[in-house]
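# Pasting the sequence and the predicted model now:
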Amino acid sequence: MKDSLDLAAAQEALAAQPFSRLLGTRLVAFGKGEAVLELDIRDDLRQQNGFVHGGVLGYAADNALTFAAGSAAGAHVLTSGFTIDYLRPADGALLRAHAHVVRAGRTRIVSRCDLSTLDAQGTQTLCAVAQGTIAVRAAVHGDTAPGI
């Protein structure tokens, strides 16, 4: 994998993640400190009350935050930590995680992510927000293994 990423290379990185393939996640936008992930909401992603499970939202936030950071710093990034605030139950046809870099430092990047659902008519509803710290691995550990 290249150090710097374009949309096609980032999509390859996502496709290399078995869990992302299992969920059917798509990277639909990538570059200039931003990334957008989407996944279709299926019944097997819901919890007992019929809403999208919070773990699915957490997964989408984690990946979107890190891909946004990767668009600014290259492939050698890895989530250091993130927080998520659930604003309302997630329901609809599509989950969209739109992340952008807030600040890119030499060894750490801070990203923010809005998680929204879209219904069959395309109405978007914000259901959660997340913020994360992404480590730039080559700068922190001197390794060359890709992170995304």
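The structure has been received and is ready for your questions. Computed from a prediction, not measured in an experiment: that's the story for all the values here.
# Name the nearest residue to Gly105, ignoring sequence neighbours.
Val136 (8.0 Å; C-beta to C-beta, 6 or more residues apart in numbering). Where you see a C-beta, it was placed from the backbone N, CA and C, and this is true even at glycine.
# swap that for Ala60, please
Leaving aside its sequence neighbours, Ala60 sits nearest to Ala97 (C-beta to C-beta, 6+ apart; 4.0 Å).
# Quick one: list the elements packing against the helix or strand hosting that neighbour.
Element membership of Ala97, judged by DSSP states H and E, is strand 94-104. Contacts defined by 3 or more C-beta pairs under 8 Å, 6 or more residues apart in numbering; DSSP states H and E place strand 94-104 against strand 34-40, helix 54-73, strand 108-118, strand 124-136.
# Could you pull up the contacting residues of the most centrally placed residue in the chain?
Taking C-alpha atoms, centre = their mean, the centroid of the chain lies closest to Ala64, which sits 1.5 Å from it. Applying C-beta atoms under 8 Å, 6 or more residues apart in numbering to Ala64 gives the contacts Ala35, Val36, Leu37, Ala97, His98, Ala99, Ser111, Cys113.
# Kindly report the same for Arg112.
Going by C-beta under 8 Å, 6+ apart, the list of residues near Arg112 reads Leu65, Ala99, His100, Val102, Val129, Ala130, Gln131.
# separation between it and Asp85?
11 Å (C-beta to C-beta, to the nearest Å).
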